[in-house]
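# need a structure here:
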Amino acid sequence: FFFLMIRRPPRSTQSRSSAASDVYKRQGVIHIKMSHSVQIKTIFVNRPGVKSTQIYAAETKELVKKSQTGSPMRKVIAELEQSVGNLENGKISYAYFEKLKMIEVACFVFTILTLGISIFQYEIEFQDLNDAHQLALLWIIFICTCLLISITVIRYRTIVEFKKSRNLIHQKEGLRSTGLFKDMIFEILLTIPHPNPFLKGITFNMTALYVNIEYYHTLNELLNLLQIGRLIIILRVLLMFSYFYNTSSQRVCSMYAVKPSYLFVIKSIMKSHPLELIGTALVSSVFIFAYAIRICERPLSRYTNTVDYSPYSNSLWNVVVTMTTVGYGDYYPRTLFGRIVSFTMCIWGLFIISIMVVSLTNLLNMGMLESKAYSVIERLQSRSQLKNLAASALSYIGKISISTKNGGHVTQKNISELRAKLNNFKDVRRQYDAMLDEGSTLAEDMVREFELIRRELIEVNAGQEELIEIAQTLVSKTLHRRRRIDRQPTGSKQTRDAKPSSEVSQDHGNRNGNEGNPNS
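Below you'll find the predicted structure:
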């Protein structure tokens with residue numbers, strides 16, 4: 001946010017700017033208030049991609065000077081609108097994006113053309129076949145490289161125009177202020193190394209210290225090796241044509257404050273199609289590193305055939321063994337450049353293999369719906385197993401009861417078998433309860449708790465009913481006894497209530513004997 005307090009304008013312009021005006025924009029908000037005493041201009045700028053704030057500071061100072069020197073306010077407002085930017089025009093931004101895609105296609109075609117011709121030129125130069133054909137191929141590579149460099153410059157200028165159409169950068173910004181100039185220089189330096197006719201026939205000698213063999217490399221061979229870096233351009237073009245990088249996807253990323261870069265596209269493809277991406281990267285890496293290690297190690301075949309890299313199949317075998325960290329030792333690098341390429345190959349192989357293991361692990365993990373289905377299936381299986389064990393235990397108890405009724409006896413073996421069946425039933429019951437606790441949600445837990453409470457209430461109700469029945473039985477028995485007592489005559493009642501004389505005398509003797517006993 002930029003807040004600018006502008007002093008009171010001169011009297012000549014005060015009458016012109018007496019009305020209040022508010023201007024609102026999607027990418028930025030301008031709020032201008034004018035009064036007779038103080039003129040306030042508040043600029044709110046919230047636009048992603050703006051890297052240079054010095055332009056805005058310079059423009060605001062210039063606008064202050066213009067407002068103080070008597071410039072009409074509508075011109076100031078117009079310049080403010082131009083500095084903040086209007087709403088994005090979808091047709092214009094789409095047209096620039098289509099133009100950028102056409103330029104990327106041109107870069108892709110020239111990159112593929114130069115790499116393919118370089119492979120044929122390398123084979124002709126190494127075998128010393130036809131100098132005329134070799135020179136013609138070198139000139140074609142040189143012309144295509146010059147065209148590729150010019151297309152690269154046009155591409156970055158188109159990127160600047162595309163960002164201006166989307167109001168991501170200021171209308172007066174260029175390659176230097178946006179930071180794209182460094183990226184352009186890096187891509188040009190990546191494109192410059194190529195075999196050309198001016199370096200034809202230039203060689204330099206080297207020594208393989210590990211085998212004590214002197215050999216030579218041509219300069220175009222090493223330029224062919226460095227030209228492999230152009231594969232980054234091919235990867236960039238393929239990523240750009242993904243639906244994760246179109247204009248609508250970029251608008252969605254801007255809504256969620258996400259930078260729509262090529263790294264975001266790689267992450268998106270890795271999330272949606274992990275195995276396809278890793279498989280493509282692994283297979284392409286094998287062929288690319290095989291070509292590189294062949295360029296580095298093949299010159300030794302002019303002097304020795306112990307470890308021959310002339311057949312391309314030997315290079316492929318070496319790359320596969322190295323990237324999978326097996327390392328049989330039948331083919332190994334002996335030159336300095338070959339060992340550098342092998343080291344890079346080892347690091348990249350570890351990276352690819354580790355990502356593949358993680359992707360396979362994530363692929364074998366169950367999703368939310370799959371886990372839900374699995375837990376339900378396990379519960380059903382455990383429930384059927386519980387039913388079978390309960391039926392087995394009950395049938396065994398029935399057999400024992402029938403045998404005892406027929407005069408048989410319950411042996412220790414019968415008791416141990418019945419105990420084993422009951423223990424199995426208890427174990428399966430515990431597992432079933434654990435499955436319910438593990439695979440259940442909050443709603444299912446609440447339903448299960450309410451079900452337990454309902455069962456407990458039913459048991460309490462049954463106990464209360466049983467107690468009521470017992471109380472009613474006792475009351476009925478007591479009333480029945482009282483009625484029987486009331487129906488008996490008075491004399492029989494006294495006779496029944498009076499104790500015999502022998503019992504009375506015995507109680508009196510016991511009472512007299514306990515009086516002298518201190519423990520009584």
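# just for the stretch 351-500 of the chain, where's the confidence low?
437-445, 489-500 (pLDDT under 70).
# Do a quick rundown of the helices in it.
Here the stretch 351-500 of the chain has its helices, by DSSP state H, counting those that start in this stretch, at 368-405, 412-438, 442-487, 490-497.
# Report the inter-axis angle for the third one versus helix 412-438.
I take that to be helix 442-487. Helix 442-487 runs at 130 degrees relative to helix 412-438, counting by axes from the mean of the first three to the mean of the last three Cα atoms, to 10 degrees.
# what's helix 442-487 packed up against?
If contacts are counted by 3 or more Cβ pairs under 8 Å, 6 or more residues apart in numbering; DSSP states H and E, helix 442-487 sits against helix 412-438. Yep, even glycine has a C-beta here, placed from its N, CA and C like the rest.
# Next, format the helices of the stretch 351-500 of the chain as TSV and append distance to Leu231 and mean neighbour count.
As requested, the helices of the stretch 351-500 of the chain are arranged in TSV below (distance: least, Cβ to Cβ, whole Å; neighbours: other Cβ atoms under 10 Å):
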stretch	distance to Leu231	mean neighbour count
helix 368-405	38	13
helix 412-438	49	13
helix 442-487	52	10
helix 490-497	120	9
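# Show me the one of these that comes nearest Gly174.
Closest of these to Gly174 is helix 368-405, at 49.8 Å (criterion: Cβ to Cβ).
# between the closest one and helix 412-438, how many degrees?
Interaxial angle, helix 368-405 versus helix 412-438 (the same axes, to 10 degrees): 160 degrees.
# Please state the offset of stretch 399-412 from the chain centre?
Stretch 399-412 sits 66 Å away from the centroid of its parent chain (Cα atoms, centre = their mean, to the nearest Å).
# Test my guess that Val237 contacts Ala106.
No - Val237 lies out of contact with Ala106 (Cβ atoms under 8 Å); the separation is 9.7 Å.
# Low-confidence stretches in the chain?
Applying pLDDT under 70 to the chain flags residues 1-87, 437-445, 489-520.
# re the thing from before, what would the helices of the stretch 351-500 of the chain look like in a markdown table with distance to Thr218?
Shown next, in a markdown table, are the helices of the stretch 351-500 of the chain (distance: least, Cβ to Cβ, whole Å):
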| stretch | distance to Thr218 |
| --- | --- |
| helix 368-405 | 58 |
| helix 412-438 | 68 |
| helix 442-487 | 72 |
| helix 490-497 | 138 |
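# Between these, which one is closest to Thr247.
helix 368-405 (32.8 Å).
# Relative to Ile185, how far out is Thr158?
To Ile185, Thr158 is 17 Å away according to Cβ to Cβ, to the nearest Å.
# swap in Cys146?
17 Å.
# Over to Gln171?
In terms of Cβ to Cβ, Gln171 sits 24 Å off from Ile185.
# burial of Gln227, as a residue count?
24 (other Cβ atoms under 10 Å).
# Sorry, wrong one. I was asking about Tyr215.
19.
# thought Ala281 was touching Gly349?
No - counting by Cβ under 8 Å, Ala281 sits too far from Gly349 to count as a contact (10.9 Å).
# More neighbours: which of those two?
A direct count of neighbours by other Cβ under 10 Å for Ala281 and Gly349 places Gly349 higher, at 21 against 16.
# and the host helix or strand of Ala136, which residues are buried?
For Ala136, the host element (DSSP states H and E) is helix 131-165. Judged by neighbour count (16 or more other Cβ atoms under 10 Å), helix 131-165 contains these buried residues: 134, 137-138, 140-142, 144-145, 147-148, 151-152, 155-156, 158-165.
# quick check, distance from that helix to the centre of its chain.
Helix 131-165 sits 37 Å away from the centroid of its parent chain (Cα atoms, centre = their mean).
# cool, stretch 448-455 as well?
40 Å.
# which SS state does Tyr245 fall under?
Recorded secondary structure, Tyr245: coil (DSSP: H, G, I helix; E, B strand; the rest coil).
# Distance of it relative to Gln488?
109 Å.
# go on, Arg334?
From Arg334 to Gln488 the distance is 127 Å (Cβ to Cβ).
# The two - which one has more neighbours?
Between Arg334 and Gln488, counting by other Cβ under 10 Å, Arg334 is the more crowded of the two (19 against 10).
# In a helix, that one, correct?
No - looking at Arg334 with three-state DSSP, it is coil, so not inside a helix.
# residues contacting Phe241?
Lys101, Glu104 (Cβ atoms under 8 Å, 6 or more residues apart in numbering).
# er, Tyr374 I mean
Going by Cβ under 8 Å, 6+ apart, Tyr374 touches Met366.
# repeat for Leu418
Contacts of Leu418 by Cβ under 8 Å, 6+ apart are Ala393, Tyr396, Ile397, Ile400.
# distance of Lys399 from Lys387?
As defined by Cβ to Cβ, Lys399 lies at a distance of 19 Å from Lys387.
# So for Ile355, which of the helices of the stretch 351-500 of the chain sits nearest?
helix 368-405 (23.0 Å).
# Which residue, other than its chain neighbours, is closest to Val321?
Tyr328 (5.5 Å; Cβ to Cβ, 6 or more residues apart in numbering).
# tell me the phi and psi of that neighbour?
For Tyr328, the backbone dihedrals (degrees, to the nearest 10) come out as phi -70, psi -30.
# To what extent is it buried, counted in neighbours?
The tally of other residues near Tyr328 (other Cβ under 10 Å) stands at 10.
# So it is in contact with Asn318, correct?
No - using Cβ under 8 Å as the test, Tyr328 is too far from Asn318 to be in contact (9.3 Å).
# quick one, what contacts Pro193?
So Pro193 contacts Leu223, Leu226, Gln227, Gly229 (Cβ under 8 Å, 6+ apart).
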